[in-house]
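Engineer: take a look and give me a structure for this.
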Amino acid sequence: MGYIIDFLINWGYWGMLVSAFLAGSFFPFSSEVVMSGLQAAGLDPIPLVIYGSIGNVLGSLFNYGVGRLGKMEWIEKYLHVKKEKLDQAERFMADRGAWMGFFAFIPILGSAITIVLGLTRANIIISTISITIGKVLRYILLVYGLSFIV
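Structural biologist: Okay, the predicted model is just below:
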């Protein structure tokens, strides 16, 4: 995993986008490590937030698309997201709909939230807006917090 993170850091902003996509989708990956490495390397935080947010939102929309296909056996077999995790996300969302996409930044549960948004055929525009707001705010807080450390 260390080699992959080093490789993505060497890609700069594009590495941030790829790592954020992976982290935003169902893949177990931490874009925060790449972002902190890139910020420590001196890259400008504003493009890091932009590239990170774009990648992370695209990863979430990938999950939405998989959920929209509605094949539970695929979700469990290929995405390794168990029905129990989807049920937990659905209870968390409790009929609040597409605006719950805001919480897609929550580790582990976030992927299940975006898959459930697809399964329930939540409004794609509102889902995208709410997901984007949550992801952008998370990366802004991360960059702002890291600026005190670096």
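
Engineer: what residues are up against the most centrally placed residue in the chain?
Structural biologist: By Cα atoms, centre = their mean, the chain has its centre lying nearest to G24, at 2.2 Å. Contacts for G24 (Cβ atoms under 8 Å, 6 or more residues apart in numbering) come out as S31, G55, N56, V57, L58, G59, S60, F62, N63, A104, G110, K135. Glycine gets a C-beta too; all of them are placed from N, C-alpha and C.

Engineer: surely the fifth one and A23 touch.
Structural biologist: Looking back up the chat, that one is L58. No. At 11.0 Å, L58 does not count as touching A23 under the criterion of Cβ atoms under 8 Å.

Engineer: quick revisit: can you pull the contacts of the residue lying closest to the residue nearest to the centre of the chain once chain neighbours are set aside?
Structural biologist: Distance criterion Cβ to Cβ, 6 or more residues apart in numbering; nearest residue to G24, sequence neighbours excluded, is G59 at 2.5 Å. Neighbouring residues of G59 by Cβ under 8 Å, 6+ apart: A20, F21, L22, A23, G24, S25, F27.

Engineer: same check, this time on I131
Structural biologist: With Cβ under 8 Å, 6+ apart, I131 has these contacts: V57, S60, L61, G101, F102, A104, T114.

Engineer: can you name the next helix or strand after the helix or strand bottoming out on mean pLDDT in the chain?
Structural biologist: Least confident element among the helices and strands of the chain, by mean pLDDT, DSSP states H and E: helix 2-10 (a mean of 74). Once the chain leaves helix 2-10, the next helix or strand it forms, by DSSP states H and E, is helix 13-24.
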